[in-house]
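Q: Task: produce atomic coordinates for the following.
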Amino acid sequence: TTAQTGRTGKGHIGFRIWDGPDWGREFPDVVIKDLKLTEIIPQEVEDDPLEAVVLTTEEMTVLMDNRFPSVYEYQIGGKTVAGQRAQLRTVTLNGAEYYAANVQVTSRSDNTVEYSLDVLDATAFEPYPAQPEECGVLASLKIGFTAEALKLRMDVLEIAEQGDFLVRTIAFPGQYFGTVKNSGGYTEAQARMTTLTTAYGGISESSVLLSANPSGSWYGAYAVIHDDSFAVTMESNVIETTRKVLVETKTEGSDSYMALTNGAWTYRGPGNDDYWGTEELPWAVVALTGDCNGDQKVDWQDGAIRYREMAVRPLGSDEMKNYISYIFMNCMSGASMPFMRQLDTIKTMYNYYDGFGQMILEKGYNGEGHDDVLYDLVGHVNERAGGEEDFQYLLARAKDFNAKIGVHINVNEYTLDSFFLDDQYLYKPLQGGW
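A: Next up is the predicted model:
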């Protein structure tokens, strides 16, 4: 099951298959047995009255929803861009959707607002609790928004976990930071998305036209939605790069809508919670723009320009132009590239390229080679390739030839020759992989 949707109780389920066309193979058959389905009819809950919190900059006015930390609409030059007009009531923690309660606006200024809320121990797959105050609280959140020019930034300021509950992932379903509509005869409203795939170097770009009356949702690494007046784009510190942003569409009668929101943030990764601690608190920035490239129209390129201006560059991205990159591979006990042969190759490439930088990925530096000995990150160097002494010598000497070496590790398979293997988490009897 997927990290975001896997669960054993009521709610969504899903499967992640490590195979398929991206790996040059057909999808395998999946058999599901003993499946029981129970229809749950959502309970209609009357919305609370809206008392918008107004944020202003020189370029725009933002109406924030007082009932939940969410944008109601933007007002720019006499035109509006919708956010989420409906009242939101849920927060997703660890892949499960829970009701929120005790939402309060705790402070505000001309261009800032802060909220507090409690996430109840009551899933959204049950009716909204008649007595929310009687439910337990899983976590309490503080969330702030700041408007500046044509941008709005959201920061989760505090996550206070209650009892033994640990927040691992967090998302705000339906928290639309921008919505465009296909209306008034304009037929070019669309979403333009770039998605990373599991294929090697896999990057795909796609467009979703509202004129096609789409219905569904799409994740991407980044995205732009636009109509004929404004383009909207987002940046955030969501870690999962293939699911950083979410585009949702729906059709009601003759109108189609397209909205932009975030994926799920990772707050606490798997592993030793006391040792690793938590990630950076979640944040997101939305930018709006009209025609900023002077071509007399608004399209995805205007949004892409604004995204480029605020995009967070990955660590080391500024160095990539100064290096060639390649891989040294040792696999299945073969030791086809011993560490000393690797060093000879580095020296040869140094001469061929007149000292130009080399960025090398070391695959198979530990255990018996590539993908072996999960968790044995140190202390189990590949003896057949030369052992620890040769490996340390390689790392030290590579610097003399303008070469940087990084290591490839396995994160989702177990092998019995690992020093740190703990098989209490494995299904018995053990079965072969690959």
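
Q: can you tell me how far Val247 sits from Lys151?
A: Computed as C-beta to C-beta, to the nearest Å, the Val247 to Lys151 distance reads 19 Å. Quick note: C-beta positions are derived from backbone N, CA and C, even for glycine.

Q: next one: Asp344
A: Counting by C-beta to C-beta - Asp344 and Lys151 are separated by 52 Å.

Q: Between the two, tell me which one has more neighbours.
A: A count of neighbours by other C-beta atoms under 10 Å puts Lys151 above the other of Asp344 and Lys151, at 19 against 10.

Q: residues touching that one, list them.
A: Contact analysis of Lys151 by C-beta atoms under 8 Å, 6 or more residues apart in numbering lists Val285, Val286, Ala287, Leu288, Met310.

Q: 10 Å - rerun?
A: By C-beta atoms under 10 Å, 6 or more residues apart in numbering, Lys151 lies in contact with Thr57, Glu59, Met60, Glu235, Val285, Val286, Ala287, Leu288, Thr289, Arg306, Glu309, Met310.

Q: quick one: which of the residues you listed is nearest Leu421?
A: Glu235 (39.7 Å; C-beta to C-beta).

Q: Does the closest one touch Gly303 like I think?
A: No. Applying C-beta atoms under 10 Å, one finds Glu235 not in contact with Gly303, separated by 11.5 Å.

Q: follow-up on the earlier one: just the contacts of Lys151 now: which is nearest Met337?
A: Nearest to Met337 out of those is Glu235 (C-beta to C-beta; 39.5 Å).

Q: Can you say which helix or strand has the closest one in it?
A: Here Glu235 sits within strand 231-236, counting by DSSP states H and E.

Q: which strands and helices sit next to that strand?
A: Packing partners of strand 231-236 (3 or more C-beta pairs under 10 Å, 6 or more residues apart in numbering; DSSP states H and E): strand 151-161, strand 178-182, strand 190-196, strand 222-226, strand 245-252, strand 255-262, strand 283-289, helix 300-310.

Q: Nearest to Ala101 among those would be which one?
A: strand 151-161 (14.6 Å).

Q: Quick check: end-to-end length of stretch 61-73?
A: End-to-end span of stretch 61-73 (C-alpha to C-alpha, to the nearest Å): 9 Å.

Q: mean confidence score for that stretch?
A: For stretch 61-73, mean pLDDT rounds to 97.

Q: Give me the buried positions along it.
A: By 16 or more other C-beta atoms under 10 Å, the buried positions in stretch 61-73 come out as Val62, Leu63, Met64, Asp65, Asn66, Arg67, Phe68, Pro69, Ser70, Val71, Tyr72, Glu73.

Q: in its sheet, what does the helix or strand hosting the second one sit against?
A: Just to be clear, that refers to Leu63. Using DSSP H and E, Leu63 sits within strand 61-65. Strands adjacent to strand 61-65 in the sheet, as given by DSSP bridges, are strand 53-56 (antiparallel), strand 70-76 (antiparallel).

Q: Please produce CSV containing those, extended by distance to Phe401.
A: Converted to CSV, those look like this (distance: least, C-beta to C-beta, whole Å):
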stretch, distance to Phe401
strand 53-56, 55
strand 70-76, 53
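
Q: Determine which of the ones you listed approaches Gly364 most closely.
A: strand 70-76 (48.6 Å).

Q: Which SSE is immediately downstream of the closest one?
A: strand 79-82.

Q: What is that next one packed up against?
A: strand 61-65, strand 70-76, strand 178-182.

Q: For the first one, which outside residues touch it?
A: So that's strand 61-65. Residues contacting strand 61-65 (C-beta under 10 Å, 6+ apart): 48, 50-56, 70-76, 80-88, 103, 105, 108, 111-113, 115, 145, 147, 152, 175, 286, 288.

Q: Quick check on these: which are buried?
A: 53, 55, 70-74, 76, 81-84, 87-88, 103, 105, 108, 112-113, 115, 145, 147, 152, 175, 286, 288.

Q: Might you list the low-confidence residue ranges for the stretch 251-400 of the chain?
A: Counting by pLDDT under 70, the stretch 251-400 of the chain has low-confidence residues at 271-275.

Q: Same check on the stretch 51-200 of the chain?
A: Within the stretch 51-200 of the chain, the segments meeting pLDDT under 70 span 183-188, 195-200.

Q: Mind doing that once more with 80?
A: Low-confidence segments of the stretch 51-200 of the chain (pLDDT under 80): 124-127, 130, 182-200.

Q: any idea how far Gly220 is from Thr242?
A: As judged by C-beta to C-beta, Thr242 and Gly220 stand 8 Å apart.

Q: Compare neighbour counts for the two and give me the winner.
A: With neighbours defined as other C-beta under 10 Å, Thr242 and Gly220 compare such that Gly220 has more, 24 against 13.

Q: which non-adjacent residue is nearest that one?
A: Met193 (3.8 Å; C-beta to C-beta, 6 or more residues apart in numbering).

Q: Next, the contact list for that neighbour, please.
A: The contact partners of Met193, by C-beta under 10 Å, 6+ apart, come to 204-208, 218-225, 245-247, 260, 300.

Q: Is there a quick ChimeraX command that grabs whichever of the residues you listed are buried?
A: In ChimeraX syntax, the buried subset of the contacts of Met193 is picked out as below (16+ other C-beta under 10 Å):
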select :208,218,219,220,221,222,223,224,225,245,246,247,260,300
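
Q: so how far is Gln296 from Ile76?
A: To Gln296, Ile76 is 18 Å away according to C-beta to C-beta.

Q: whoops, Tyr307 was the one
A: 21 Å.

Q: Looking only at neighbour counts, state which of the two leads.
A: For Tyr307 versus Gln296, the count of surrounding residues by other C-beta under 10 Å is larger for Tyr307: 21 against 6.

Q: Surely that one touches Ala223?
A: Yes. With contact defined as C-beta under 10 Å, Tyr307 reaches Ala223; the gap is 8.8 Å.

Q: Give me the common contacts of the two.
A: The contact sets of Tyr307 and Ala223 overlap at Thr194, Thr233, Met234, Trp300 (C-beta under 10 Å, 6+ apart).

Q: Export those to TSV and append columns for distance to Gln162.
A: Shown next, in TSV, are the shared contacts of Tyr307 and Ala223 (distance: C-beta to C-beta, whole Å):
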residue	distance to Gln162
Thr194	38
Thr233	35
Met234	30
Trp300	43
